[in-house]
Every structure is written in C-alpha cells, then in structure tokens.
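Engineer: Fold the stuff below for me.
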Amino acid sequence: MSLLEVRGLKVSYGGIHAVRGIDFEVAEGELVCLIGANGAGKSSSLKGILGMVHASSTIHFDGARISGLPTHTIAGLGISLVPEGRGVFARLTVGENLDMGAFLRKDHPGIRADLDKVYSLFPRLAERRTQLAGTLSGGEQQMLAIGRALMSRPRLLLLDEPSMGLAPLMVRKIYETIASIAQEGATILLVEQNANLALKISQRAYVMESGMVTLSGASPDLIKDSQVRAAYLGE
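Structural biologist: Have a look, this model is predicted:
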C-alpha cells in the first residue's frame, strides 16, 4: 500500500484550472518527483495535498483519508512542506526557526538529537544559529527551510522547487543533501522544474503539462525518453 495516494486531484483559482484531475502515489521510502514547466500545476498539487487551497480529490495518507481535513491536522499526521521561496521566519534566528519545526513534538531528547542531525547535515546553519534568518543568503535559507521541515520528523517530506534561484554550487549542495536524506529511508515528493536534477535522484517521476499528468514511469527510463529529453533536458 502506498503511503500517499492521490486520486482525481483538481485545483482551480477562479476560472483557471491549475490541476485537472491527476492521479499519483508515493510508496514509503520512495523519492518521487513531479516535473514540468512553470505553470504546469506542480506546486498547486502540493498545496492541494495539504489543504492549503480548495481542491477536489480523494487523498489517502497511510491508508486514512485526509482530503478535506484542515492543513494543521494534515501536518500533524506527519506531512511537512518545504515551500517554494523557502518561507523562513525572517525575524527569528536560525535556531528559533528550527525550534518552530518541532513545535508539535514533545519528545525533548529526540528533538535535541534531530537538531544535532540538522546541524551535521548543514554545518553552515550551526555556524549561524544565532543569526536572523532574514539575513541569510538564498542558499542558506533553503538549507534552513529543509532543516526546519526535518525537525518535525515527517513521514512524508514535500519539497517545492528547492533549486529555484540558487547558484549552481549551492544547487549541487542542496541536491546532495536531498539524496542523502532519501538514502536514509525518507519518503519524499519533489516538485522541480530542473528535470535533469530531479530525475537523477528519484526512483519514479510524473511529467505534468497544463495541469495534467502526461507521462509517468521509472526515472531512469524517463531520462532516456525522447519526448522528455526534447522538452525538459534541452535536447
């Protein structure tokens, strides 16, 4: 059974149909990506899962239906989002941002252990733990957003465009970390315009165009697909 199962997801903004009834699933321990051009409906799909936008769908998480539940209830079940644009609390320090990620937890020894783990993943955050998040570089804020999400110890991690606006060296660092997290057994749903990066670290992928899934399959197969290579890999 899939950890996340999405059926017939539709998201509209007024008269604009951003997502047009798509199906996809993510198994426990799997890294799955949604790829597609800007405006394809990828980010709206993540927001629909979390109930951040009005959506029509049937969504099950760990066998229980979550469609229609409030966002905070869904988050409390173990789904955490790293939003597009990072969304750090600019006036809080790095350490305070990470504490916010563990807001719903009560296991203080576990929180301490996870904080140490985040700092080992991102040593730069450890160096800047007392610095205001709003003064960090874009890459450092992306590290912080991922670290904050990990502090909730999520069963499913949603990543929305983690490479957007970052320098190539920082993109490589972020993706090395995502791959490392996945190798440790994390379940990840990754939204990314950079298809080449996403397909290289994921097991499976769904290609979205104009709010619809037009292609899906194993990532190594899609990398070789002539349609994907022409549309998303610059060939």
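Engineer: how about the helices in this structure?
Structural biologist: Here the chain has its helices, by DSSP state H, at 42-50, 71-76, 94-101, 108-121, 123-127, 138-150, 168-183, 195-201, 219-224, 226-232.
Engineer: so where's the chain uncertain?
Structural biologist: Residue ranges of the chain with pLDDT under 70: 234-235.
Engineer: thinking again about what came up before, switch the helices of the chain over to JSON lines; also include mean neighbour count and distance to L31.
Structural biologist: All C-beta atoms are positioned from the backbone trio N, CA, C, and that covers glycine. What follows is the helices of the chain, written out as JSON lines (neighbours: other CB atoms under 10 Å; distance: least, CB to CB, whole Å):
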{"stretch": "helix 42-50", "mean neighbour count": "24", "distance to L31": "15"}
{"stretch": "helix 71-76", "mean neighbour count": "14", "distance to L31": "20"}
{"stretch": "helix 94-101", "mean neighbour count": "20", "distance to L31": "20"}
{"stretch": "helix 108-121", "mean neighbour count": "14", "distance to L31": "16"}
{"stretch": "helix 123-127", "mean neighbour count": "15", "distance to L31": "23"}
{"stretch": "helix 138-150", "mean neighbour count": "23", "distance to L31": "14"}
{"stretch": "helix 168-183", "mean neighbour count": "16", "distance to L31": "4"}
{"stretch": "helix 195-201", "mean neighbour count": "20", "distance to L31": "6"}
{"stretch": "helix 219-224", "mean neighbour count": "16", "distance to L31": "9"}
{"stretch": "helix 226-232", "mean neighbour count": "15", "distance to L31": "18"}
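Engineer: Can you lay out those helices as CSV showing distance to V6?
Structural biologist: Formatted as CSV, the helices of the chain follow (distance: least, CB to CB, whole Å):
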stretch, distance to V6
helix 42-50, 7
helix 71-76, 13
helix 94-101, 25
helix 108-121, 28
helix 123-127, 32
helix 138-150, 20
helix 168-183, 20
helix 195-201, 18
helix 219-224, 19
helix 226-232, 21
